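In: sequence below, structure please.
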Amino acid sequence: MADSENSRTLPAVACGKIKSSTGRRGNIPYTIDRRNLLSVASRLLNSRIEDPDGPRTEPGPTPVREMWPRWYARHQQRVRATRVRERLEKEMVDEAGGLPVATLPNVGMDGAVEVHSFADIDRMAFQLDAQHLSQARAELRRRRRRWKEADRRLGYSAAVALEQELAERAGISGRVMWITRSSSLIEVTAKLHCLIVMHDPGVKFEDAPWPELRTMLKDLIRIAEKCRPKSCNGPAYPGKAAGVRGILNLAKQYQDAASKLGQGSSKPNQAPRRLLALHAMELYLSAFLLAKGVDPATIRGFRHDLGERTRIASEAGLVLRKRTMAHLATLSASNECHVISYAPELISTLSQMNRVMATVDELSRKVRKALRASCQNPLR
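Out: Here you go, the predicted structure:
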């Protein structure tokens, strides 16, 4: 995104040396610069935006902490739709032999001019003779016909429409969040992150106030991380004393429940099944990390971040197929857990249920196999 890691508009800042048992400060890297600012902010928000006291029970407007996951899920859907549209656009140009435009030679002092419609040709008709006018219309008609034929095969128009629809949804969600009153530091961080993502996604604007806003977001990230509750304070966290065997057994129960929901019905309800499967994945990875000596407080800090769990588990010796690793990273990047919980209208755009269940099955096998091989009695 930036041409230098140490930009004058957003200098690299070293955060405090608060390390976890994995050698990292939770999910926050040691240095925050323009290349990783937005990704660091989204990881922090994913791990901190949820209310630690549980769902709200008092009536009133939806708080920012509930709006941000919905907006971010829609934003990620729009990002994926844009990538699909860009890929299809390149295929369209290759298959159709170019864009649906015609070239008018020797028009005025501009030389060759590209036109996109017959109306454009008509406006310049007085500068062309009859032969060139007829050739231009025939060329535009021919190129449009080839473009439409390629569109029918590739579905480019549908991809453009989907991208526009998702962009509109994300825009509405973001604008509503901006005008909602914040009640905490992390909610202010969420609103500023949303503002920069929607208006300066490449983190390139150099005119005020964008460099200053990026600096503010970086400061908020640093302050929010310093304010992270310490695991030694307050009452014991529920499940703090859970062992590896207990977590594995619980993961198996969620896995079995997800499997049963897919049986006995031609059209099973996929949302509960997917949620059970995702939780089983978290538990299997948590059991492996706990067995490898990762601090329980660090594991809890990952919240629903399957990508970070998988990365550390892989470094600790868990061997998974490349396809499974990629799928776990996709589940994390697309915030599938938040989509299921807060954006049910987007469930149809998530990964295939068969792929989700295959990932759970592989985690179940590989985690147990790795723990059995690591020591004689790893599940104690």
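
In: for the rest of this, base every contact and every neighbour count on C-alpha atoms.
Out: Will do.

In: quick check: next helix or strand after the helix or strand containing residue 40?
Out: Residue 40 is part of helix 37-48 when elements are defined by DSSP states H and E. Of the helices and strands lying after helix 37-48 in sequence (DSSP H and E), the nearest is helix 64-96.

In: which helices and strands sit right next to that next one?
Out: Judged by 3 or more C-alpha pairs under 8 Å, 6 or more residues apart in numbering; DSSP states H and E, helix 64-96 is in contact with helix 130-154, helix 156-178, helix 185-199, helix 336-342.

In: contacts for the third one?
Out: Pointing back at helix 185-199 there. The contact list for helix 185-199 (C-alpha atoms under 8 Å, 6 or more residues apart in numbering) reads 38, 41-42, 45, 48-49, 64-65, 68, 171, 174, 177-178, 182, 203, 210, 213-214, 217, 220-221, 224.

In: ok, now with 7 Å
Out: Residues from elsewhere that reach helix 185-199, judged by C-alpha atoms under 7 Å, 6 or more residues apart in numbering: 41, 45, 49, 64-65, 68, 174, 177-178, 182, 217, 220, 224.

In: what's the closest of the residues you listed to residue 97?
Out: residue 174 (38.9 Å; C-alpha to C-alpha).

In: what sits against that closest one?
Out: 71, 194.

In: from residue 187, how far out is it?
Out: Per C-alpha to C-alpha, to the nearest Å, residue 174 is found 13 Å from residue 187.

In: go on, residue 162?
Out: From residue 162 to residue 187 the distance is 29 Å (C-alpha to C-alpha).

In: where does the stretch 51-200 of the chain dip in pLDDT?
Out: For the stretch 51-200 of the chain, applying pLDDT under 70 flags the ranges 51-60, 106-111, 125.

In: how many other residues sit next to residue 128?
Out: Counted by other C-alpha atoms under 10 Å, the residues lying close to residue 128 total 18.

In: same question for residue 112.
Out: Residues near residue 112, counting by other C-alpha under 10 Å: 12.

In: that one and residue 124 touch, don't they?
Out: No - between residue 112 and residue 124 there is no contact under C-alpha atoms under 7 Å: 12.0 Å.

In: what's the burial count for the closest residue to residue 151 other than its chain neighbours?
Out: In this structure, residue 151 finds its nearest non-sequential neighbour in residue 157, 6.6 Å apart by C-alpha to C-alpha, 6 or more residues apart in numbering. Residue 157 has 15 neighbours, counted by other C-alpha under 10 Å.

In: for residue 157, give its distance to residue 305.
Out: On the measure of C-alpha to C-alpha, residue 157 and residue 305 end up 34 Å apart.

In: for residue 147, same thing?
Out: 42 Å.

In: equivalent analysis for residue 204, please.
Out: Taking C-alpha to C-alpha, one finds residue 204 at 28 Å from residue 305.

In: between those two, tell me which one has more neighbours.
Out: It is residue 305, of residue 204 and residue 305, that has more neighbours when counted by other C-alpha under 10 Å, with 22 against 14.

In: that one touches residue 333, doesn't it?
Out: No - using C-alpha under 7 Å, residue 305 is not in contact with residue 333, being 8.5 Å away.

In: just the CA atoms of stretch 92-106, as PDB, please.
Out: This file holds the C-alpha atoms of stretch 92-106, laid out as PDB (Å, rounded to 0.1, in the frame of the first residue of the first chain):
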ATOM      1  CA  MET A  92     -13.800 -10.800 -20.900                       C
ATOM      2  CA  VAL A  93     -11.200  -8.500 -22.600                       C
ATOM      3  CA  ASP A  94      -9.200 -11.500 -23.700                       C
ATOM      4  CA  GLU A  95     -12.200 -13.500 -25.000                       C
ATOM      5  CA  ALA A  96     -13.900 -10.600 -26.700                       C
ATOM      6  CA  GLY A  97     -10.700  -9.200 -28.100                       C
ATOM      7  CA  GLY A  98     -11.000  -5.900 -26.300                       C
ATOM      8  CA  LEU A  99     -13.600  -3.600 -24.800                       C
ATOM      9  CA  PRO A 100     -16.800  -2.800 -26.600                       C
ATOM     10  CA  VAL A 101     -15.600   0.400 -28.200                       C
ATOM     11  CA  ALA A 102     -14.900   1.600 -31.700                       C
ATOM     12  CA  THR A 103     -12.100   3.900 -32.900                       C
ATOM     13  CA  LEU A 104     -12.800   6.900 -35.100                       C
ATOM     14  CA  PRO A 105      -9.700   7.900 -37.100                       C
ATOM     15  CA  ASN A 106      -8.700  11.400 -37.900                       C
END
